[in-house]
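Asks: Below is the sequence, then the predicted model.
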Amino acid sequence: MINFASRAFGIRSLTIFACVVLALIFSPQEAPAQQLAVTNLGGTVVDPAGLTIDSAVVTLTNSAQGTVRTFTTEKDGVFSFTNLSAGQYVLVIHGASGFSDFKQTVNLTVGQTLQIPVKLDIGSAQAKVEVTAEASVIDTVSSVNGGVIAAREIANLPLNGRNYLELSLLVPGNAPAPNFDPTKVNTVVISSAGQVGRGSNVTIDGADNNDDVVGGSLVNIPEDAVQEFQIATNHFSAALGRSGSSVTNVVTRQGSNSIHGGIGIYERDKILQGLPATYDPSIGATPAFHRQQYAADIGGPIKQDRAWWFAAVEDRQQLGADLVGVRNTATKSIGRTFATAPLHDFLSTERLDWQATQRE
């Protein structure tokens with residue numbers, strides 16, 4: 001997996017992106033994929049009496065990309081898949097002599113370690129048991145406190161300013177934290193369990209995304225580029241990284257075997273909204289404000305079941321106002337008024353993924 005995240009998308013980024021795409025398409029041997037430890041799946045295969053079954057073939061298929069991973073159980077009946085990307089998978093267990101096949105659809109979220117007990121029924125190889133119920137969402141493996149903001153919430157919940165980190169406030173124990181950097185007034189800092197938000201740790205696809213000077217996120221990415229993210233507020237393991245507060249583990253979206261995408265325009269204007277928080281009737285003026293945000297995302301296959309691409313962009317053009325003081329030398333007083341505060345912010349995220357073969 002290769003992931004690019006930038007605040008400015010210029011000619012250099014376009015050139016790098018085009019070169020990597022061409023290399024993937026025309027290279028006879030793809031480069032090895034980078035594995036990100038975002039979720040794990042395991043379990044034990046047993047018979048109706050509870051005895052473990054060996055030599056059962058367990059396959060796990062990514063529903064969106066068609067990639068397949070295989071595991072054969074030993075005498076203990078245990079199977080394990082690690083370093084999985086968050087998403088929907090199909091778990092199939094077959095090949096156990098004298099037992100019917102088993103099939104279940106599993107949705108894995110970032111930071112999750114899921115254990116699925118599988119009980120095979122006695123039957124012929126043609127018999128198949130298909131489980132349609134969702135796997136238990138109770139985490140019986142780790143003691144981490146927190147929550148996962150899934151793709152459904154990111155896609156459907158309205159956000160003023162479209163910063164995905166604001167959805168962290170849906171997890172109990174989180175609150176907005178003050179921002180100490182005047183050059184990053186439009187970033188979001190989250191305080192967990194009363195801790196200072198500057199000490200939190202933020203990762204994007206496993207890569208460090210922390211401002212080591214003032215704390216908080218270093219760069220922002222488009223909301224449409226975020227598949228889901230986990231925020232761990234307490235009792236998280238050292239594997240999630242350093243933190244003096246919470247850990248936010250962001251996973252970006254991937255391409256799939258079908259072309260998919262979207263486009264959106266978001267408008268906010270002082271005529272269409274209530275009075276802003278900085279409004280003071282004694283000033284006798286209403287602060288200017290309007291914001292337009294243009295967003296688009298698209299992804300698809302480079303090679304079916306082998307390689308995929310995804311890109312998302314967002315452009316925000318905003319004219320706001322800040323409450324400032326104005327010195328009146330005649331009356332020797334400080335009056336208050338609004339000063340314009342323009343903002344133009346362009347975000348982009350591009351991602352390439354490919355599945356390594358046995359020779360890679």
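Replies: Here it is on my side, so go on. On a predicted model such as this, the values are computed, not experimentally measured, just so you know. Numbers count the residues shown, from 1 in each chain.

Asks: the strands in the stretch 101-250 of the chain, which residues?
Replies: 101-108, 113-119, 128-131, 145-149, 174-176, 190-192, 201-204, 207-208, 226-234, 247-252 (DSSP state E, counting those that start in this stretch).

Asks: Give me the sheet partners of the last one and which way each runs.
Replies: Partner strands for strand 247-252, per DSSP bridges, with pairing direction: strand 201-204 (parallel), strand 226-234 (antiparallel).

Asks: Among these, single out whichever gets nearest to residue 64.
Replies: Residue 64 lies closest, by CB to CB, to one member of the strands paired with strand 247-252: strand 226-234, at 10.5 Å. Where you see a C-beta, it was placed from the backbone N, CA and C, and this is true even at glycine.

Asks: What residues of that closest one count as buried?
Replies: By neighbour count on 16 or more other CB atoms under 10 Å, the buried set for strand 226-234 is 226, 227, 228, 229, 230, 231, 232, 233.

Asks: Check the offset of it from the chain's centre.
Replies: Centroid separation for strand 226-234 versus its chain: 7 Å, with CA atoms, centre = their mean, to the nearest Å.

Asks: ok and that strand relative to strand 145-149, angle-wise?
Replies: For strand 226-234 against strand 145-149, the angle by axes from the mean of the first three to the mean of the last three CA atoms, to 10 degrees is 170 degrees.

Asks: what are the C-alpha coordinates of strand 226-234, in PDB please?
Replies: Taking C-alpha atoms only, strand 226-234 is exported to PDB below (Å, rounded to 0.1, in the frame of the first residue of the first chain):
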ATOM      1  CA  VAL A 226     -11.700   8.600   5.500                       C
ATOM      2  CA  GLN A 227     -13.200   5.100   5.600                       C
ATOM      3  CA  GLU A 228     -13.400   5.000   9.400                       C
ATOM      4  CA  PHE A 229     -11.300   5.800  12.500                       C
ATOM      5  CA  GLN A 230     -10.800   4.500  16.000                       C
ATOM      6  CA  ILE A 231     -10.400   6.700  19.000                       C
ATOM      7  CA  ALA A 232      -9.000   4.900  22.000                       C
ATOM      8  CA  THR A 233      -9.400   6.900  25.200                       C
ATOM      9  CA  ASN A 234      -7.900   4.600  27.800                       C
END
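
Asks: how much space is there between residue 93 and residue 79?
Replies: From residue 93 over to residue 79 the distance is 8 Å, taken as CB to CB, to the nearest Å.

Asks: now residue 151
Replies: To residue 79, residue 151 is 27 Å away according to CB to CB.

Asks: again with residue 312
Replies: For residue 312 relative to residue 79 (CB to CB), the value is 35 Å.

Asks: Just give the nearest non-adjacent residue to residue 322, would you?
Replies: residue 341 (4.8 Å; CB to CB, 6 or more residues apart in numbering).

Asks: Give me the pLDDT value at the one you found.
Replies: Listed pLDDT for residue 341 reads 87.

Asks: check contacts around it.
Replies: 319, 320, 321, 322 (CB atoms under 8 Å, 6 or more residues apart in numbering).

Asks: follow-up on the earlier one: which one of the strands of the stretch 101-250 of the chain lies closest to residue 288?
Replies: strand 174-176 (24.4 Å).

Asks: before we move on, the earlier item: farthest pair in the buried residues of strand 226-234?
Replies: 227 and 233 (20.8 Å).

Asks: Is the closest residue to residue 203 other than its chain neighbours bridged to anything, and to what?
Replies: Among residues not flanking residue 203 along the chain, residue 249 sits closest, at 5.3 Å (CB to CB, 6+ apart). When bridges are called by DSSP bridges, residue 249 pairs up with residue 203, residue 230.
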